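Novice: Take this sequence and fold it.
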Amino acid sequence: MGMAAWKRIGVCLTAAAVVTGVAGCQDGDGDGSKKAGGSTESEVQTRNQMTEVLQAAFKNTSEAKSSKVRITMEMPAGPMGGQAVEMSGVQGWDPAVMDVTMKTAEGTPGAPDALEQSRMIMLDGVMYTDMGAELAAEMDGKRWMKMDFGAMAEAVGDPEAQKQMTGGLENMNQDPAKQLAMLLGSKSLKHVGPEKLDGVQTQHYKGTLSIEEMLDANKALDGMFTAEERKQLVANTKKSGLKGYDTEVWVNEDDYPAKMIVGMRMPEGTMKMTSHYSDYGAAVEVKAPAASETVDFIEMIQDLEDPGAGA
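Specialist: Here you go, the predicted structure:
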């Protein structure tokens, strides 16, 4: 397989890790009626006022279940040399689905051969990525890479690792409702103030969560780990270098998040995902590629490790 194809796989895997791995929580509910973005007052809101606004946004976003989305992922320098990937399309979070086009952002080092425009589909816990003509030529015309996260968890073979990976799958899809719930659980929640965003008045909020706070807020993990297993999960996560999560949100005058920034602080730098949302409730019709057009990522790796296995 050519170097360009491996670069493409590397970028797509990193994108998959970010999209599926930045976990939120399904916590909290509210029926706040105060319009957030309609006010241009610069007065800093109290904790109760912030909670009212964010609960209203959480309720609206949860009920919308989908939106159009434009995402930029900025990854710190590393083996891939640092990448900025742009995605745009539609996203749903009840159920978790996504259909976006993806490309390396302009000005990114190595962009010409790293990732031309591609397409990524997420459905039923499986991610499909169009790997382009080069991979298709080497894979009997199969241009879609299939990454089944449930199967990948089983392939690990370590029960504890499977638990951790499956726990992440409970939060599949980086959706705005989960991030609002996460922000509501932040002890450092702060009202930055009113801001104009793309000509629309919004209110800007931000907060930080430690790894322990993230796990406490994540109701999807309740009962999945014993106290000792949870302690080990925290230790392993910290050992990986992850220091915490930073979240910012801009809530518009209709009490929907117009923009979100989620940052994961690592030793190499901050991995940041900036999402712009619009057209809440937009129709999302996602279909998986035909099996005859897909190559399974796990099977491909197994074939590389043992070329004679399929002979």
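
Novice: count of neighbours near Tyr179?
Specialist: No Tyr there; residue 179 is Gln. 26 (other CB atoms under 10 Å). Yep, even glycine has a C-beta here, placed from its N, CA and C like the rest.

Novice: For the helix or strand containing it, name the packing helices and strands.
Specialist: Gln179 belongs to helix 176-184 when assigned by DSSP states H and E. Helix 176-184 is packed against helix 47-64, strand 83-93, strand 200-209, helix 211-217, strand 244-252, strand 257-266, with contacts defined by 3 or more CB pairs under 8 Å, 6 or more residues apart in numbering; DSSP states H and E.

Novice: who touches the following helix or strand past the longest one?
Specialist: Reading on from helix 47-64 to the C-terminus, the next helix or strand found by DSSP H and E is strand 66-75. With contacts defined as CB atoms under 8 Å, 6 or more residues apart in numbering, strand 66-75 is touched by 14-15, 18, 82-93, 100, 105, 176, 270-284.

Novice: okay if I get the helices and strands packed on helix 176-184 as a markdown table plus mean pLDDT, distance to Gly193 and mean neighbour count?
Specialist: As requested, those are exported to a markdown table (pLDDT from 0 to 100; distance: least, CB to CB, whole Å; neighbours: other CB atoms under 10 Å):
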| stretch | mean pLDDT | distance to Gly193 | mean neighbour count |
| --- | --- | --- | --- |
| helix 47-64 | 95 | 12 | 19 |
| strand 83-93 | 89 | 28 | 21 |
| strand 200-209 | 95 | 6 | 21 |
| helix 211-217 | 74 | 24 | 18 |
| strand 244-252 | 93 | 11 | 22 |
| strand 257-266 | 90 | 15 | 20 |
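
Novice: Return the backbone torsion pair for Gly193.
Specialist: phi 130, psi -180 (degrees, to the nearest 10).

Novice: any idea how far it is from Asn252?
Specialist: Separation of Gly193 from Asn252 (CB to CB, to the nearest Å): 15 Å.
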